[in-house]
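In: What follows is a protein structure lacking sequence information:
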């Protein structure tokens, strides 16, 4: 019995020292410790021993088993480590190879800029309103103090659907609809598509986009207009941007003001872009004309307001240095890609 | 409006540098387009007299002249042929400078000393359109004698700065030098000096010369005239010619120049008729007879519609009121009696007539904006005063003045607190009153806070209190208004749920690799036909533009397809072969009985190239819908005629039709220049928005294991998979957690006309581990149902 154990032990240690991989190790484990393994069989054969010898023999077998198991475990850890190392060595990659392309698309520059503008005004308490593009003449012109025969109708080159319906030439009818239908105070932004019958060239398009704003409430002043638009200009074009307000004329505002910003290219020193003046004209604005308020059912003795409007296409082109408005409506992806 | 600075200073003697003037003018609403210093580059060019002219002895084409330039007589050799002894000419003496950086030095020409140069108009860079042809093309022989040695800049009016203003549309008063001077006087606080003139009494009576009738007073609210006899036509004096030339008006003769001078000075267009040509000595202001002809001063025959106003005599039209005179009554050298007209015509009518005729004149531009009702009288008196000053004729007594009613000034009453309230300032009431009076608006203070203004006839653009506020703040300075932010009400700014939905949908599409497009909303019948949209098609009825730019822009689109297909074609033509675009835009669908069309907000998607297959597009649409918690969209094999007949689907969910998708019919694609597979979808976003589900709630994660069962079912090859999957899903009941189609196989071993559809079912119960018999029951039910409905058999 004892010699048998010794023999098994020696054989086991020898084999164990020669085992080179986990697979062989597992085979050895089965050979010795498995259900039909040598040690297992030896343990079972103890039934042939005299009863008094059995405990001792059992102890000896179990001791050997534990010893072998311990050694095998040790071996297993060693082998696994070296096998993993081998595997990793074989998995070398060239990290300088290009990444797998996950192509994300991109928004159109007009809408990227629109979102920026909208976010700035939302931060100042504005909400966005939309309205029809095929619009009543009444809302597009008459209620904005531009009756039939008014000279500014000539310059706006309107597309007509019939005598009473036009393609809106500005988003101001949204202001009219808002004043007619909503409760005061009002603080809205109305972006959208507008139409004027201009032939297409580098600076004209019969379809373009405007962003207008309207504030109506108690005690609204021209100073508030200056404040709000100054915040907008600084957010949009940088903290160092300066604004300048000049007297102007629009039928639906009185007093009216044109807003210039310090040139975004030269910062106000004077360059080709600002034609040497240091200023760039950005938008028209003013205190809402009393007559317009009255037509919309708002009492100008109690409420006042201001309005402003700018061309999104122009703002976008200024921001990105785009020189031809036609590019905006062509949808060449090599153009759109540049802004994502 | 060109304003010569010296002319302006006659009325407002401002003493500021030109940049200060420019800035102040810009800030008060008077845009400055250009400032021209006319004689900036000219130095040492003087008036000279040719005292002797001899042929050059060694050169046939040259002559040698002795020229008296006042201080000395110098010799000049010239090749010019339009000069003779006794001519007064511009002489660039030794050391003179000319435009373009040219410097004149003495030298020798073929052996003869030449001590300077006689100048042409071209060399002085001036417009000499009032000179005869020889003087324009050769040496500028002056029209009259001047003191010898006098600086030519003074003679030709080149020592002048001319400012080109772009004034505001409503300020008719600023179409005049006096108007601009009034602005300048208020800005720089100098007195306004209006030109003085005595009312010329004159001899005789105008009624002996002419009878005037205004037939259409709606288009002519005031008609004034005075007559001048014994006219002596000659050039106007140099000061007047110089002023007019600088202001961009060509001098013609004393009478015409007077009318133009008064117009530039006071803003009132005037006209002078040769009374010899006014047949029957009668002037009738009336609408044209339909089709009536008139040869205007520019020698063009105009056919007039009834809407246009004429100045006529007994026989016919002799002038187009307020726009241009007729050739038949033009001032000629033989003219003896002149009638000066100063009238107020209806601005809208003049504007429309001028536009219709394409005849834009200085007079028409002024009448279109409106003229000063009272100013018509001052202008007329100023004109006859100038006639006497120039000795151009003898003024006849009496004056025609036909008007519907007397003019009375509008009164505007407001308060200083209103003005400060609307502007956001604290301007003192006394300062307001001072500003308004400086602008010629008679204003007084009443009590502590009230301001009463009497609006002059040259400022009828001022209607109410806001106009008063504007005038105060304009002169006070917009730059002095403090920057403030609205106080008072607490207002939340936000995007609406709809706007947020649009934002996240776009974001998702961008994440799917698509680029956003923006296309025009126009289309035309030709384009519609390319899309197979013909009469009778449900997208045929369109909003039509009465005055389109062209056929292709004559309709408002009823589908987004045209813009998308054109954009894809632009890309393919430029060799961008793999393109995915989307657009969120509107279509305009006319609605019976409604003035305005239904404007639907549509999403269009277009794909060409490597991702252009039906199921990629379908996957994108499903992703959009699943983002809104819409998991049970259905795809029915039908759709518009512009799709491939067997690769199109109508998208539905929760009982709503959301849109259509599919492959564009190759014929249609080819018509748009697309010779590649083109996928297109158009989804009605308001419909999607109407069924979105924003409810999100935590559901406990499963505690018990899931079981997977793969089933391969053999069905007919033509069997649509969608309904089969729907039946499997339904038959699996509530134990089904997830189902996935993982293979479709066709092969001979399955039998002719058959295919195998393989799905993985993942089953789970919330409260227990599923037992084998429960799983078998589900599988059996699926087999039974699919067998019954589709003849499906389990693939062995």
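Out: Received the coordinates, thanks. Treat the numbers as computed from the prediction; the structure is a model and nothing was measured.
In: is it true that residue B:665 touches residue B:643?
Out: Yes - here residue B:665 reaches residue B:643: they are 6.0 Å apart, a contact under Cβ atoms under 8 Å. All C-beta atoms are positioned from the backbone trio N, CA, C, and that covers glycine.
In: Please enumerate residues in contact with stretch B:312-323?
Out: For stretch B:312-323, contacts defined as Cβ atoms under 8 Å, 6 or more residues apart in numbering or on different chains pick out B:219-220, B:269, B:271, B:273, B:277-280, B:282-286, B:288, B:292-294, B:296, B:302, B:304, B:308-311, B:325-326, B:328-329, B:343, B:345, B:350, B:353-354, B:357, B:359, B:361, B:363-364, B:367.
In: Which members of these occur in strands, if any?
Out: B:220, B:271, B:273, B:282-286, B:292-294, B:302, B:304, B:309-311, B:325, B:343, B:345 (DSSP state E).
In: which among the residues you listed are in contact with chain A?
Out: For chain A, no contacts are drawn from these by Cβ under 8 Å from any Cβ of the partner chain.
In: Just the buried ones from the residues you listed, in ChimeraX syntax?
Out: To isolate in ChimeraX the members of the ones in strands among the contacts of stretch B:312-323 that are buried, counting by 16 or more other Cβ atoms under 10 Å in any protein chain shown, one can use:
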select /B:220,271,273,283,284,285,286,292,294,302,304,309,310,311,325,343,345
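In: Poorly predicted segments of the stretch 1-150 of chain A, please.
Out: Applying pLDDT under 70 to the stretch 1-150 of chain A flags residues A:1.
In: Which positions in it make contact with chain B?
Out: So the stretch 1-150 of chain A meets chain B at A:103-108, A:110-111, A:115, A:118, A:121-128, A:132-136, A:149 (Cβ under 8 Å from any Cβ).
In: Mark which of those are part of helices, please.
Out: Mapping the residues of the stretch 1-150 of chain A next to chain B onto helices (DSSP state H) picks out A:110-111, A:115, A:118, A:121-122.
In: just curious, which of these is nearest to residue B:18?
Out: Using Cβ to Cβ, residue A:121 comes nearest to residue B:18 of those, at 39.5 Å.
In: Spell out which helix or strand contains the nearest residue to the closest one once chain neighbours are set aside, please.
Out: Leaving aside its chain neighbours, residue A:121 sits nearest to residue A:189 (4.8 Å; criterion: Cβ to Cβ, 6 or more residues apart in numbering or on different chains). Using DSSP states H and E, residue A:189 maps to strand A:186-195.
In: quick check: mean pLDDT across that strand?
Out: Across strand A:186-195, pLDDT averages out at 96.
In: now do stretch B:545-552
Out: On average, stretch B:545-552 scores 93.
In: Do you know the pLDDT at the nearest residue to residue B:467 once chain neighbours are set aside?
Out: Of all residues not flanking residue B:467 in the chain, residue A:254 sits nearest, at 6.1 Å (Cβ to Cβ, 6+ apart). Per-residue pLDDT puts residue A:254 at 92.
In: So residue A:254 is in contact with residue A:293, correct?
Out: No - the pair residue A:254 / residue A:293 is not scored as a contact, 10.8 Å apart, by Cβ under 8 Å.
In: follow-up on the earlier one: out of the ones in helices among the residues of the stretch 1-150 of chain A next to chain B, which are buried?
Out: A:110-111, A:118, A:121-122.
In: of these, closest to chain B?
Out: Taking Cβ to the nearest Cβ as the measure, residue A:122 is the one of those closest to chain B, at 3.9 Å.
In: check contacts around the residue nearest to that closest one when sequence neighbours are not counted.
Out: Leaving aside its sequence neighbours, residue A:122 sits nearest to residue B:493 (Cβ to Cβ, 6+ apart; 3.9 Å). Residue B:493 makes contact with A:121-127, A:187, according to Cβ under 8 Å, 6+ apart.
In: what's the answer for residue B:524, then?
Out: Applying Cβ under 8 Å, 6+ apart, the residues near residue B:524 are B:550-555.
In: The closest residue to residue B:121 other than its chain neighbours: neighbour count?
Out: Closest residue to residue B:121 apart from its sequence neighbours, by Cβ to Cβ, 6+ apart: residue B:128 at 3.7 Å. Using other Cβ atoms under 10 Å in any protein chain shown, residue B:128 has 17 other residues around it.
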